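[1] 3D model of this:
(chains A and B)
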2 protein chains.
Amino acid sequence: MSDGIRMTLAEVRALARRKLRAAGLAGDHADAVAETMVAGERDGCASHGIYRLLVAVKSLKAGVVVPDAVPVVDRPRSALVRVDGGGGFAQLAFARGLPALVEAAHTHGIAALALTNVVHFAALWPEVEAIATQGLAALAFTPSHAWVAPAGGTKPVFGTNPIAFGWPRPGGHPFAFDFATSAVARGEIELHRRAGKPVPDDWGYDAAGQPTTDAAAVLDGAMRTFGGHKGSALAAMVELLAGPLIGEMTSADSIAADGARGGSPMGGELILAIDPAGFLGDAVAEHMARAEAMFSSIEDQGARLPSARRYAARAVSEADGVIVPRALYDDIMNLGDAA
Amino acid sequence: MSDGIRMTLAEVRALARRKLRAAGLAGDHADAVAETMVAGERDGCASHGIYRLLVAVKSLKAGVVVPDAVPVVDRPRSALVRVDGGGGFAQLAFARGLPALVEAAHTHGIAALALTNVVHFAALWPEVEAIATQGLAALAFTPSHAWVAPAGGTKPVFGTNPIAFGWPRPGGHPFAFDFATSAVARGEIELHRRAGKPVPDDWGYDAAGQPTTDAAAVLDGAMRTFGGHKGSALAAMVELLAGPLIGEMTSADSIAADGARGGSPMGGELILAIDPAGFLGDAVAEHMARAEAMFSSIEDQGARLPSARRYAARAVSEADGVIVPRALYDDIMNLGDAA
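    Next up, the predicted model:
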């Protein structure tokens, strides 16, 4: 790729921090948010990489996010951790809640961390990976903005509502996945719209509830869930677990609260952590080996584990750095620096 | 339906208990197992109704299940409950563990119940519904026999691996779903095989790894997951959470342990319960109302909630009883009674 800028991960980190600080974000938030952009860029997930600077800065300029929010951690029950993010980005709230989540999972065998009053724009896999790296199994859920119709309907109710899972692997990167319960990522439809390309007619509906191949019409109408009624059921579960269960907004609430500012979704996130030693005691290694046997039975037939592509990209990025497309690099440079 | 036997739910219950006892199952197990058959028949899920008597009796006769197993409950950590089912059917183990799960969820905010060393042949929705009826959100997972290929592969690794979820609704039946992570139920393929009908070519593979429309070939080969790589990722998660995490068999282990006896899957089940009052305190009613608003936004556009069909069937069955097809009734009668 000739028309791109090669950068080390340290350079990506420094650039992200600088531009976030220039947009008015407090230092501790800028550091936490930059880390997720580095992770996305590093793992070959360009849509969650340095590109997200544009999204974050837009949310900051629109006043959707509190730039100097101070997360407050409490323990409403012995195995429940809650972080009120004070209207700031979710990343710092997660970082502040993580130690208590890990401690509670070790003590009680299972624990839950609720992030409330946060603004989301990042993937969930860095979070489940962080928990799995500490030896725990992890599940994470978050609503977004109401863009997705339930199965059997054509009007938006759900967000893209990702589900993420992490599993510790002895001596290696965690097994981790993170996927939207919508049929495709919203960014995928946006890319078709920008390119003037039609979308398949089973990606969504126009505002009148009719299937359409017009990407803009789907963005104004409703996306579909993945996997028919099963994906729709999971999307509803995500709304409930990371919305009403933790005192937070649903995706419909979030888009209503945004008005037309075009900011990132606001609301909550629920993260569960389970300590394998809780049920297994001294037999952790034995049973982790049985999980490894299952992973082998997948890979030995030529199928890929969900996280394999990201880890392969990571190995390359850590050695050689990443390439940021020229147009994106220019857009980032145009964000402006601190006065 | 003229060629069927109309029965009250009490008659279904009595018949199930009698035939299970006649097959050698202990009384407390027979009562618990009969209840799930009544629930299936009552809710219009014929494949989980009284038909399952044939499956249960086959497992009993094959020696796959311990007919008089005594479940043993322990608490390996404060928020973890474990029931060793002693090789018996899962239903009694669940019933014995449920009170401790509910107590632990109230005390700690979240809790997990692991059933180990049990034989499964029933749906998970009666379990998540039982927990949600007590005011808790519930998630349940169980592997089965290795019949399903991972996305990108053609050889069986996963079971049909259902995921179930329950959510309490004020003054009404819980919101509940329970679906296999396989593309279709195994019984659906079996029905095609019996009828000599071809299956769609995207349901599975033959033993050589080729797509096929031959139902028998899919049963001997591998089924697909639902929803492509996303369903495959969820199937892997179910294996890990309800297998190695709780010291239990994967679906591959289960079918290997069965040998060729054709018994129901053996292994474990993991059930999570979360108390909404944990995060919400006095605001439970307010946030439950927001969940209700989401349900309304689904139903108001003519879409159906996952549990709606079952509850409609239940209302009819409780008033009018159910109709058991003549051929099934005859098969059940032929199971024989106690000497």
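
[2] Tell me the pLDDT of the residue lying farthest from the centre of chain A.
    Largest separation from the mean C-alpha position in chain A: A:Asp282, at 33.9 Å (C-alpha atoms, centre = their mean). For A:Asp282, the pLDDT comes out at 96.

[3] Wait, A:Ala216 touches A:Arg194, no?
    No: with contact defined as C-beta atoms under 8 Å, A:Ala216 does not count as touching A:Arg194 (9.9 Å). The way it works is simple: take the backbone N, C-alpha and C, and place the C-beta from them, glycine included.

[4] These two: which is more packed in?
    More crowded of A:Ala216 and A:Arg194, by other C-beta atoms under 10 Å in any protein chain shown: A:Ala216, with 16 against 10.

[5] Would you double-check that A:Pro306 falls in a helix?
    No: going by DSSP: H, G, I helix; E, B strand; the rest coil, the assignment for A:Pro306 is coil, not a helix.

[6] give me the number of residues near it?
    Neighbour tally, A:Pro306, other C-beta under 10 Å: 22.

[7] you'd agree the residue farthest from the centre of chain A is in a helix?
    Yes: counting by three-state DSSP, A:Asp282 is part of a helix.

[8] element containing A:Ser254, please.
    Using DSSP states H and E, A:Ser254 sits within helix A:251-258.

[9] what does A:Leu113 give?
    Per DSSP H and E: strand A:110-119 holds A:Leu113.

[10] right, is that strand up against chain B?
    Yes: applying C-beta under 8 Å from any C-beta of the partner chain, one finds strand A:110-119 touching chain B at A:110-112, A:114.

[11] between the residues you listed, which is closest to B:Ala137?
    Minimum distance to B:Ala137 across the residues of strand A:110-119 next to chain B is 10.6 Å, recorded for A:Ala112 (C-beta to C-beta).

[12] need the contact list for that closest one.
    A:79-81, A:101, A:270-273, B:109-110, B:274 (C-beta atoms under 8 Å, 6 or more residues apart in numbering or on different chains).

[13] can you do 6 Å?
    The neighbourhood of A:Ala112, defined by C-beta atoms under 6 Å, 6 or more residues apart in numbering or on different chains, consists of A:80, A:272, B:110.

[14] ok, and the most crowded of these?
    Per-residue neighbour counts (other C-beta under 10 Å) across those peak at B:Ile110, which has 29 neighbours.

[15] could you check the distance from that residue over to chain A?
    Relative to chain A, B:Ile110 is positioned 5 Å away (C-beta to the nearest C-beta, to the nearest Å).

[16] ok, that residue touching A:Ala79?
    Yes: assessed by C-beta atoms under 6 Å, B:Ile110 is found in contact with A:Ala79 at 5.1 Å.

[17] Buried residues in the helix or strand where A:Asp31 lies, which are they?
    Per DSSP H and E: A:Asp31 is located in helix A:27-42. The neighbour-count check on helix A:27-42 (16 or more other C-beta atoms under 10 Å in any protein chain shown) flags A:28-42 as buried.

[18] Equivalent analysis for stretch A:276-290, please.
    Judged by neighbour count (16+ other C-beta under 10 Å), stretch A:276-290 contains these buried residues: A:276-280, A:284, A:287-288, A:290.

[19] hmm, that stretch touching chain B?
    Yes: counting by C-beta under 6 Å from any C-beta of the partner chain, chain B has neighbours in stretch A:276-290: A:276, A:278-280, A:287, A:290.

[20] from the residues you listed, which two are the most distant?
    Greatest spacing in those, by C-beta to C-beta: A:Gly278 and A:Arg290 (16.8 Å).

[21] Please, where are all the strands along the stretch 1-150 of chain A?
    Remark: strands assigned in the stretch 1-150 of chain A by DSSP state E, counting those that start in this stretch are A:4-7, A:72-77, A:80-84, A:110-119, A:137-141.

[22] who does the last one pair up with?
    Its sheet considered, strand A:137-141 pairs with strand A:163-167 (antiparallel), strand A:266-274 (antiparallel) by DSSP bridges.

[23] what comes into contact with the shortest one?
    Contacts to strand A:163-167, defined as C-beta under 6 Å, 6+ apart, come from residues A:124-125, A:128-129, A:131-132, A:137-141, A:174-178, B:237, B:240.

[24] Need the per-residue pLDDT for A:Met1.
    If you check A:Met1, the pLDDT there is 45.

[25] how about low-confidence regions in the stretch 1-150 of chain A?
    Applying pLDDT under 70 to the stretch 1-150 of chain A flags residues A:1-2.

[26] residue closest to the middle of chain A?
    Among the residues of chain A, the one closest to the centroid is A:Ala123, at 1.8 Å (C-alpha atoms, centre = their mean).

[27] wait, doesn't that residue sit right on A:Gly49?
    No: if you go by C-beta under 6 Å, A:Ala123 and A:Gly49 don't touch, sitting 10.0 Å apart.

[28] Might you calculate how far stretch A:187-202 sits from the centre of the chain?
    Put simply, stretch A:187-202 sits 22 Å off its chain's centre (C-alpha atoms, centre = their mean, to the nearest Å).

[29] pLDDT (mean, whole number) over it?
    Mean predicted confidence for stretch A:187-202 is 91.

[30] Identify the residues contacting that stretch?
    A:47, A:211, A:213, A:215-216, A:218-219.

[31] Equivalent analysis for stretch A:242-256, please.
    Against stretch A:242-256 from outside (C-beta under 6 Å, 6+ apart): A:114, A:116, A:141-146, A:158-159, A:239, A:265-270, B:137, B:276, B:279-280, B:287, B:290-291, B:294.

[32] how about a cut-off of 8 Å?
    Stretch A:242-256 is contacted by residues A:82, A:114, A:116-117, A:141-148, A:156-159, A:161, A:239, A:257, A:265-270, B:137, B:274, B:276, B:279-280, B:283, B:287-288, B:290-291, B:293-294, B:297 when judged by C-beta under 8 Å, 6+ apart.

[33] How many residues are close by the residue in the stretch 201-339 of chain A that chain B sits nearest to?
    Closest approach of the stretch 201-339 of chain A to chain B (C-beta to the nearest C-beta) occurs at A:Gly227, with a separation of 3.1 Å. As a burial measure, A:Gly227 scores 24 neighbours (other C-beta under 10 Å).

[34] residues touching it, list them.
    Here A:Gly227 is in contact with A:234, B:226-228, B:230-231 (criterion: C-beta under 8 Å, 6+ apart).

[35] Would you check which pair of these lies furthest apart?
    A:Leu234 and B:Gly228 (14.0 Å).

[36] Comparing these two, which residue is more hemmed in?
    Higher neighbour count among A:Leu234 and B:Gly228: A:Leu234, with 26 against 15, using other C-beta under 10 Å.

[37] All set, thanks.
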